[in-house]
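> Requesting a structural model of the entry that follows:
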Amino acid sequence: MEEKNTAFKTSIGGQALIEGVMMRNDSSSVRIDKCAMAVRKPDGEIALEVWESQKPKRWYRRVPFVRGIFNFINMLVVGYRTLMRSAELAGLEEEEESAFERKLKEKLGNKFTMLFNGVVLVLGAALAVGLFTLLPAAIGYLLGGVIRTRLALTALEGIIKILIFIVYLALVSRMQEIRRVFQYHGAEHKTIFCYESGQELTVENVQKFQRFHPRCGTSFLLIVLVISILVFSIVTWDNLFLRVALKLLLLPVVVGIAYEIIKFAGRRDNLITRLISAPGLWLQRLTTAEPDAGQIEVAIASMKAVIPEERADAAY
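Alright, predicted model coming up:
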């Protein structure tokens with residue numbers, strides 16, 4: 001059984017959902033990938049769903065710089081599915097369903113969900129590419145007549161990306177619905193910290209911990225933006241469309257490098273890793289908020305569902 005009152009770094013991570021939290025034990029020492037999501041339903045009850053999947057022993061899930069690409073894709077897929085499911089459990093879809101949506105459901109039946117999810121994914125990808133690839137590249141390209149140095153142009157483009165990212169987060173954090181998601185994000189981090197400290201998972205214990213965690217997805221995305229400045233410095237500035245196409249092709253390289261950096265920083269605690277983690281921890285002031293007791297209860301319920309009997313099976 002797990003040892004008490006001994007601090008360690010866990011492989012358990014999670015994601016904030018709509019009125020809930022998803023937790024996942026993805027330790028390399030276990031063959032079963034265990035996930036759980038807890039969501040506060042409209043009647044106040046906590047709905048808990050747990051599922052397991054056999055881990056593939058594929059080489060690309062183990063090789064450094066390659067594993068990050070596939071783990072990132074898997075994280076996006078699982079994260080999106082649990083986010084949509086949490087909306088159902090929280091009653092959000094029923095409250096905001098329009099007459100047009102009801103008519104489509106009547107005509108398409110079960111295909112409606114697949115169609116809707118596909119449209120959302122395409123629109124989301126288009127928005128991300130437009131904001132963080134096309135727009136910065138276009139601004140940099142227009143300034144090419146003023147700034148002649150390729151490295152300076154690439155650095156400027158990277159700074160524009162980071163500024164867009166920060167402004168975007170600052171704006172969405174003002175929305176009441178998003179703020180609640182950010183509160184669950186804070187509850188997720190606090191709960192993980194409490195478990196890593198070896199203390200019992202109670203609301204009182206969890207509340208004592210900070211809401212900024214070095215293995216957060218926010219920190220990962222910021223590292224992706226920083227690494228992209230270096231990697232994309234080799235891409236041509238002669239043709240805007242060619243530059244954008246090459247950047248999209250090199251994106252898996254950027255993700256692979258960023259994954260190894262965030263993994264390194266998450267496993268160690270020294271001056272170098274603290275410097276690496278510092279910008280992401282600062283940015284989490286925008287993407288997390290202090291949770292209330294009810295939100296922490298949800299995070300604890302999700303966390304307890306994925307904790308293995310042997311603590312070593314949750315080691316990072």
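
> from here on, contacts and neighbour counts on C-alpha atoms
Fine.

> Excluding chain neighbours, what is closest to S233?
Residue nearest to S233 in three dimensions, not counting chain neighbours: T154, with 5.6 Å by C-alpha to C-alpha, 6 or more residues apart in numbering.

> Near the one you found, how many other residues are there?
24 (other C-alpha atoms under 10 Å).

> Go ahead and confirm it touches V235.
No - contact criterion C-alpha atoms under 8 Å: T154 and V235 do not qualify, at 9.0 Å.

> Go ahead and name everything in contact with stretch 297-310.
1-2, 12, 20-25, 34-40, 46, 48, 50, 184, 187-188, 191-192, 201-203, 314 (C-alpha atoms under 8 Å, 6 or more residues apart in numbering).

> Please spell out which residues along that stretch are buried.
By 16 or more other C-alpha atoms under 10 Å, the buried positions in stretch 297-310 come out as E297, V298, A299, I300, A301, S302, M303, A305, V306, I307.

> hang on, the earlier thing: so which elements touch the helix or strand containing the residue nearest to S233?
For T154, the host element (DSSP states H and E) is helix 150-172. The helices and strands touching helix 150-172, judged by 3 or more C-alpha pairs under 8 Å, 6 or more residues apart in numbering; DSSP states H and E, are helix 135-142, helix 217-231, helix 271-287.

> List just the one of the ones you listed that sits closest to L251.
In terms of C-alpha to C-alpha, the element of the helices and strands packed on helix 150-172 nearest to L251 is helix 217-231, at 7.8 Å.

> Now the closest one: average pLDDT?
Helix 217-231 carries an average pLDDT of 90.

> what's the angle from it to helix 150-172?
The directions of helix 217-231 and helix 150-172 differ by 160 degrees, with axes from the mean of the first three to the mean of the last three C-alpha atoms, to 10 degrees as the criterion.

> Alpha carbons only: can I get helix 217-231 in PDB?
Extracted in PDB, the C-alpha atoms of helix 217-231 (Å, rounded to 0.1, in the frame of the first residue of the first chain):
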ATOM      1  CA  GLY A 217      -0.400  22.200 -19.900                       C
ATOM      2  CA  THR A 218      -0.200  26.000 -19.700                       C
ATOM      3  CA  SER A 219       3.600  25.800 -19.000                       C
ATOM      4  CA  PHE A 220       3.900  23.200 -21.900                       C
ATOM      5  CA  LEU A 221       2.200  25.500 -24.400                       C
ATOM      6  CA  LEU A 222       4.500  28.400 -23.300                       C
ATOM      7  CA  ILE A 223       7.600  26.200 -23.800                       C
ATOM      8  CA  VAL A 224       6.200  25.300 -27.200                       C
ATOM      9  CA  LEU A 225       6.000  28.900 -28.200                       C
ATOM     10  CA  VAL A 226       9.600  29.600 -26.900                       C
ATOM     11  CA  ILE A 227      11.100  26.600 -28.700                       C
ATOM     12  CA  SER A 228       9.300  27.500 -31.900                       C
ATOM     13  CA  ILE A 229      11.300  30.800 -32.000                       C
ATOM     14  CA  LEU A 230      14.600  28.700 -32.200                       C
ATOM     15  CA  VAL A 231      13.300  26.000 -34.600                       C
END
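
> other SSEs contacting that helix?
helix 150-172, helix 240-267, helix 271-287.

> ok, and what's touching the shortest one?
Identification of contacts with helix 271-287 by C-alpha under 8 Å, 6+ apart yields 166, 169-170, 173, 182, 185, 212-214, 216, 218-220, 222-223, 264-266.

> Give me the contact list for the helix or strand hosting F193.
Using DSSP H and E, F193 falls within helix 176-197. The contact list for helix 176-197, computed with C-alpha under 8 Å, 6+ apart, reads 5-10, 12-21, 172-173, 200-201, 205-213, 287-292, 295-296, 299-300, 303.

> Can you select the buried ones among the residues you listed for me in ChimeraX?
In ChimeraX syntax, the buried subset of these is picked out as below (16+ other C-alpha under 10 Å):
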select :8,9,10,12,13,14,15,16,17,18,19,20,21,173,201,206,207,209,211,212,213,287,288,289,290,291,295,296,299,300,303
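
> quick one: which of the contacts of helix 176-197 sit in strands?
Among the contacts of helix 176-197, the members falling in strands (DSSP state E) are I12, G13, G14, Q15, A16, L17, G20, V21.

> Report the contact partners of the first one.
So the one you mean is I12. Applying C-alpha under 8 Å, 6+ apart, the residues near I12 are M23, R24, N25, D26, S27, I192, V306, A314, Y316.

> Appreciated, that's everything.
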